[in-house]
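K.L.:
Let's see this in three dimensions:
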Amino acid sequence: MPVNKQAIGKTYDPVVYAVGREKIKEYARAVGETNPLHLDVDAAREAGYADVVAPPMFAVVYSAPAVGPPIFDPEIELNFAMMVHGSQEFQWGPVVVAGDEITTTASVKDISEADGRGYYVFESISINQRGEQVCRGTWTNIVRGV
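P.N.:
The predicted structure follows:
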C-alpha cells in the first residue's frame with residue numbers, strides 16, 4: 001500500500017511542559033550524568049544559571065509529548081505493526097533550566113517511500129518562555145513493507 005503524503009506540512013497543537021528541578025535531577029541520574037550543573041542547584045547558580053541545567057537529551061522529555069499526536073494521527077496512516085525507529089536529530093539553542101516553560105509544536109516534515117519502506121519525518125520546535133528556540137528535533141520512523 002503506497003504512503004499517504006497528504007499530511008505533509010500539517011502542524012499540530014503546541015504542548016507546554018513546565019521543567020521541574022527534580023525531573024532534571026531524576027533524568028540526569030537515570031542516564032548516569034555526574035556533572036554538578038545537572039544535580040546541584042548551588043553549583044548551577046555559581047556557574048551563572050538560575051537553577052539546575054537540563055542535560056541536552058532531556059529534550060526528549062519536553063518535546064516527545066508534542067510528537068505523539070502526529071504519529072498517532074489517522075490521516076497519516078502509519079502502520080505500527082511494521083514501524084521501526086529510524087533516527088532522531090536535535091539542534092540545541094540556549095540551555096534549559098528548572099523553572100523554564102517549554103512550548104513544543106510538531107509538524108509533518110516529510111513522508112516518502114523508497115525500497116519498499118515508508119519514511120515518516122516529523123519536526124518539533126521547542127521555544128522557552130522568553131521566545132528562544134531551545135531545540136529543533138527531527139524524528140524519523142520507518143515502516144517496512146509499504
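
K.L.:
Tell me which stretches of the protein form strands.
P.N.:
15-18, 83-92, 101-114, 117-127, 133-144 (DSSP state E).

K.L.:
List the buried residues of the first one.
P.N.:
Put plainly, it is strand 15-18. For strand 15-18, the neighbour count (16 or more other C-beta atoms under 10 Å) marks 15, 17 as buried. The way it works is simple: take the backbone N, C-alpha and C, and place the C-beta from them, glycine included.

K.L.:
Against which helices or strands is it packed?
P.N.:
helix 59-72, strand 101-114 (3 or more C-beta pairs under 8 Å, 6 or more residues apart in numbering; DSSP states H and E).

K.L.:
Output these as a markdown table; include the columns mean pLDDT, distance to residue 45 and mean neighbour count.
P.N.:
Listed next are those as a markdown table, based on pLDDT from 0 to 100; distance: least, C-beta to C-beta, whole Å; neighbours: other C-beta atoms under 10 Å:
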| stretch | mean pLDDT | distance to residue 45 | mean neighbour count |
| --- | --- | --- | --- |
| helix 59-72 | 95 | 22 | 19 |
| strand 101-114 | 97 | 20 | 18 |
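
K.L.:
would you turn the ones you listed into CSV with distance to residue 82?
P.N.:
Shown next, in CSV, are those (distance: least, C-beta to C-beta, whole Å):
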stretch, distance to residue 82
helix 59-72, 14
strand 101-114, 13
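
K.L.:
For residue 4, which of the strands of the chain is the nearest?
P.N.:
Residue 4 sits nearest to strand 101-114 of all the strands of the chain, at 7.0 Å, using C-beta to C-beta.

K.L.:
and that closest one, C-alpha only, in CSV?
P.N.:
The C-alpha trace of strand 101-114 is given here as CSV (Å, rounded to 0.1, in the frame of the first residue of the first chain):
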residue,chain,number,x,y,z
GLU,A,101,8.3,26.6,30.4
ILE,A,102,8.8,24.9,27.1
THR,A,103,6.2,25.0,24.3
THR,A,104,6.8,22.5,21.6
THR,A,105,5.0,22.4,18.2
ALA,A,106,5.3,19.4,16.0
SER,A,107,4.6,19.1,12.3
VAL,A,108,4.9,16.5,9.5
LYS,A,109,8.1,17.5,7.6
ASP,A,110,8.1,14.7,5.0
ILE,A,111,6.5,11.4,4.0
SER,A,112,8.2,9.4,1.3
GLU,A,113,8.7,5.9,0.0
ALA,A,114,11.8,4.0,-1.1
